[in-house]
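Visitor: Pasting a predicted model and its sequence here:
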Amino acid sequence: MHSMHGYFLAPGKAGEALTLDVTKLRDGRAFSTRHVVARQGDEPIFTLTASFQREEAGAQYQVAAAEVPEPDSPDADWADRPHPDYPPAAAFEFRDVHVPPLPRQGPRPAVKRWWARTVEPLPDDLGLHACILTYLSDLNALTAIAATIGVEWDEPRRTASLDHSVHFHRPIRLDDWVLVEMCPVSNGGNRGLVRNTMHSRSGVLGASVSQEGLVRIPGSRRGG
């Protein structure tokens, strides 16, 4: 898979059966496209378009990874991070990279960086690593959106992921350290947008991510 674009339509319910309906949109010589609808009962809760490409050789370019301390550096200025309070995040360990605030960028740094990897080794299955990368790419986006407008995570607010896109550039392993750089781009209309890059420890750009989320605070106008 080289790209996926998903929309979150309704909240999912843990413990309820999930049905995935997959439609073949196209099979070409180099590219194939599928459309997926996830349903609980009769209600669609998520829709996804995924595009696949046969492996091809070609010219190479990538944006370089930020120069940050190695994740096992004992003298690095690691920022303290409370572990996410939802159980699936326990599959990862994290090292936050300290980013000093810049002038006129609001109450929090505009860029957030951290190292992450799975706590257990994974098999040599590129599809599995891509799935886990996708899951990791969803962590902390809503927190970053809220922080840019001065909303602490424990304050009253309504949040939800709206849409999520991942472009897979090169295969990288998720049981070795991955550097995530998250850049909040915009907030408006109670919607915020963040963009991520995800590099391997050796500097290989594995994926680029764009995610839009809802952060609605008390007193804001309600939408649909």
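Guide: That came in fine, so what should we check first?

Visitor: So in terms of bridging, what pairs with the residue nearest to residue 46 when sequence neighbours are not counted?
Guide: Nearest in space to residue 46, with sequence neighbours left out and distances taken as CB to CB, 6 or more residues apart in numbering, is residue 38 at 4.1 Å. Where C-beta positions appear, they are placed from N, C-alpha and C, glycine not excepted. Residue 38 forms beta bridges with residue 20, residue 46, as assigned by DSSP bridges.

Visitor: so residue 38 sits right up against residue 22, yeah?
Guide: No. Proximity of residue 38 to residue 22 does not meet the contact threshold set by CB atoms under 8 Å, at 10.2 Å.

Visitor: So between these two, which is more surrounded?
Guide: residue 38 (19 against 10; other CB atoms under 10 Å).

Visitor: Quick check: mean pLDDT of stretch 200-218?
Guide: The pLDDT scores in stretch 200-218 average 92.

Visitor: Which positions within that stretch qualify as buried?
Guide: For stretch 200-218, burial by neighbour count (16 or more other CB atoms under 10 Å) applies to 200-201, 204-216.

Visitor: Next, the distance between the ends of stretch 115-129.
Guide: 16 Å (CA to CA, to the nearest Å).

Visitor: So in the chain, where's the weakest helix or strand by average pLDDT?
Guide: One helix or strand of the chain scores below all others by mean pLDDT, DSSP states H and E: strand 78-79, with a mean of 68.

Visitor: ok so, going back, against residue 18, how distant is the residue nearest to residue 46?
Guide: Distance, residue 38 to residue 18, by CB to CB, to the nearest Å: 6 Å.
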